[in-house]
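1. Let's see this in three dimensions:
(4 chains)
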There are 4 protein chains.
Amino acid sequence: MIGEQVKKDSLRRLRKIEGQVKGIQKMVEQRKYCIDIINQITAVRRALDVVSLKVMRRHIESCVTEAIKQEKPQEKVDELMETIYKFVK
Amino acid sequence: MIGEQVKKDSLRRLRKIEGQVKGIQKMVEQRKYCIDIINQITAVRRALDVVSLKVMRRHIESCVTEAIKQEKPQEKVDELMETIYKFVK
Amino acid sequence: MIGEQVKKDSLRRLRKIEGQVKGIQKMVEQRKYCIDIINQITAVRRALDVVSLKVMRRHIESCVTEAIKQEKPQEKVDELMETIYKFVK
Amino acid sequence: MIGEQVKKDSLRRLRKIEGQVKGIQKMVEQRKYCIDIINQITAVRRALDVVSLKVMRRHIESCVTEAIKQEKPQEKVDELMETIYKFVK
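-> As a prediction, this is how the structure comes out:
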């Protein structure tokens, strides 16, 4: 489970991302230049990646760490690898 | 410039994406399971990719096509490749 | 079809990539540190991306341009977008 | 450090990848259709991703696990996250 710090930081980032998505909607409505729209979407994607990686880090430091200490890492590591796999492809 | 159809379709998708981002904020607030948060972010990323590619297609069919017909493709192709490059890395 | 310049440049890059892949094999045989192996694989992936994008650029400047000039862009643009889509996901 | 099984499996995959890279060189030499070259490069990229993820899994199961058990996870988790970050962007 995410801690207080990751929660705060993620929320701050996700609210900014929400604002960026609304900004892209406006760009589309006003038929802004295609390349500018695409680049703005790319920026949002990167911002989302940062949130994902921060949550992933927290997950490794809490759930995966706990599972390792209890000598039952298998399931958690399977799940983590599957998530990374979906994330990268 | 994007046409009426791409505009409509992109706006519909971007509104759904905005809803998904809000949903992720709620997941974070309620400290949902990290892996579920990450997978939801991955889903948004894919949804954004679809919008990017639809706008890119439109851009190729309008601006790039126009530049090619006017025998001045260089600048538009440079810009397109740079955008794809940023998009994939 | 790729021209002489892209052919030369791509071959040079692909030979270097072949060497890098052999280098990774050696790292694996000697059981080098996992993180170093992964980072080396990431470097090869980026080098492959560069080749892809150079070939893609050439493709846009030749085949796609030709199709646009002959007023039959549909099929070529479909194919290009599908290729970009596979490439990014 | 990678174990015997990951070593064997990775080497088998990397040799196949080497063969694929040589195959792409031939495609470039014979000036095959650009889209076919790009799709073949995309296939190699995916094959490399599989090796990366298998090595990463092993790394988590050995080094990271060891660091967690010794209550000194910080450095290893930092390094892992940085590697995933480089890998995804």
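2. Now the residue nearest to residue A:23 when sequence neighbours are not counted: which helix or strand?
-> Take residue A:23 and drop its neighbours on the chain: the residue closest to it by C-beta to C-beta, 6 or more residues apart in numbering or on different chains is residue A:40, 6.9 Å away. Bear in mind the C-beta positions are built from the backbone N, C-alpha and C, glycine included. Residue A:40 belongs to helix A:34-59 when assigned by DSSP states H and E.
3. pLDDT at the residue nearest to residue A:23, what is it?
-> You'll see residue A:40 listed with a pLDDT of 97.
4. Chain D contacts on chain A?
-> Residues of chain A lying near chain D by C-beta under 8 Å from any C-beta of the partner chain: A:46, A:49, A:53, A:56-57, A:60-61, A:64-65, A:68-69, A:73, A:77, A:80-81, A:84-85, A:87-89.
5. among those, which are in reach of chain C?
-> By C-beta under 8 Å from any C-beta, the members of the residues of chain A next to chain D lying near chain C are residue A:89.
6. Show me which of the residues of chain A next to chain D are buried.
-> With neighbours counted by 16 or more other C-beta atoms under 10 Å in any protein chain shown, the residues of chain A next to chain D contain buried members at A:49, A:53, A:56-57, A:60-61, A:64-65, A:68, A:73, A:77, A:80-81, A:84, A:87-88.
7. just to revisit the earlier point, how many residues are close by the residue nearest to residue A:23?
-> Here the number of neighbours of residue A:40 (other C-beta atoms under 10 Å in any protein chain shown) works out to 18.
8. what sits against the residue in chain A that chain C sits nearest to?
-> When scored by C-beta to the nearest C-beta, chain A has residue A:89 as its residue closest to chain C, at 6.2 Å. Neighbour list for residue A:89: C:89, D:46, D:49 [criterion: C-beta atoms under 8 Å, 6 or more residues apart in numbering or on different chains].
9. Compile the residues you listed into JSON lines and extend it with columns for pLDDT.
-> What follows is the contacts of residue A:89, written out as JSON lines (pLDDT from 0 to 100):
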{"residue": "C:89", "pLDDT": "76"}
{"residue": "D:46", "pLDDT": "94"}
{"residue": "D:49", "pLDDT": "95"}
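10. Just the closest of those to residue D:21, please.
-> Closest approach between these and residue D:21, by C-beta to C-beta: residue D:46, at 13.6 Å.
11. helices or strands next to the helix holding residue A:40 in the packing?
-> Applying 3 or more C-beta pairs under 8 Å, 6 or more residues apart in numbering or on different chains; DSSP states H and E, we find helix A:34-59 packed against helix A:4-29, helix A:74-88, helix B:34-59, helix B:74-88, helix D:74-88.
12. Just confirm residue A:35 contacts residue B:59, I think it does.
-> Yes - between residue A:35 and residue B:59 there is a contact under C-beta atoms under 8 Å: 6.6 Å.
13. Who has more neighbours out of those two?
-> residue B:59 (23 against 17).
14. For that one, give me its contacts.
-> With C-beta under 8 Å, 6+ apart, residue B:59 has these contacts: A:34, A:35, A:38, B:2, B:80.
15. what's the neighbour count on the third one?
-> What that stands for is residue A:38. Neighbourhood size, residue A:38 [other C-beta under 10 Å]: 23.
16. For it, give its distance to residue C:52.
-> To residue C:52, residue A:38 is 18 Å away according to C-beta to C-beta, to the nearest Å.
17. for residue A:26, same thing?
-> According to C-beta to C-beta, residue A:26 and residue C:52 sit 33 Å apart.
18. which of those two has more neighbours?
-> residue C:52 (26 against 11).
19. Touching, that one and residue C:86? I think so.
-> No - in this structure residue C:52 lies outside contact range of residue C:86 using C-beta under 8 Å: 10.5 Å.
20. Residue A:2: what secondary structure?
-> Three-state call for residue A:2 (DSSP: H, G, I helix; E, B strand; the rest coil): coil.
21. Now do the contacts for it.
-> Contacts of residue A:2 (C-beta under 8 Å, 6+ apart): A:10, A:55, A:58, A:62, B:28, B:31, B:34, B:37.
22. Not counting its neighbours along the chain, what's nearest residue A:56?
-> Closest residue to residue A:56 apart from its sequence neighbours, by C-beta to C-beta, 6+ apart: residue B:38 at 5.9 Å.
23. Report how many residues lie close to the nearest residue to residue A:3 once chain neighbours are set aside.
-> Spatial nearest neighbour of residue A:3, chain neighbours left out: residue A:58 (6.4 Å); criterion: C-beta to C-beta, 6+ apart. Neighbourhood size, residue A:58 [other C-beta under 10 Å]: 20.
24. Which per-residue confidence value corresponds to residue A:58?
-> For residue A:58, pLDDT reads 96.
25. give me phi/psi at residue A:32?
-> Main-chain dihedrals, residue A:32, degrees, to the nearest 10: phi -70, psi 170.
26. ok, it to residue A:26 distance?
-> For residue A:32, the distance to residue A:26 equals 8 Å [C-beta to C-beta].
27. low-scoring stretches of chain A, by residue?
-> Counting by pLDDT under 70, chain A shows no low-confidence range.
28. Who are the contact partners of the most centrally placed residue in it?
-> For chain A, the residue sitting closest to the mean C-alpha position, by C-alpha atoms, centre = their mean, is residue A:52 at 2.4 Å. Residue A:52 makes contact with A:87, B:38, B:41, B:42, according to C-beta under 8 Å, 6+ apart.
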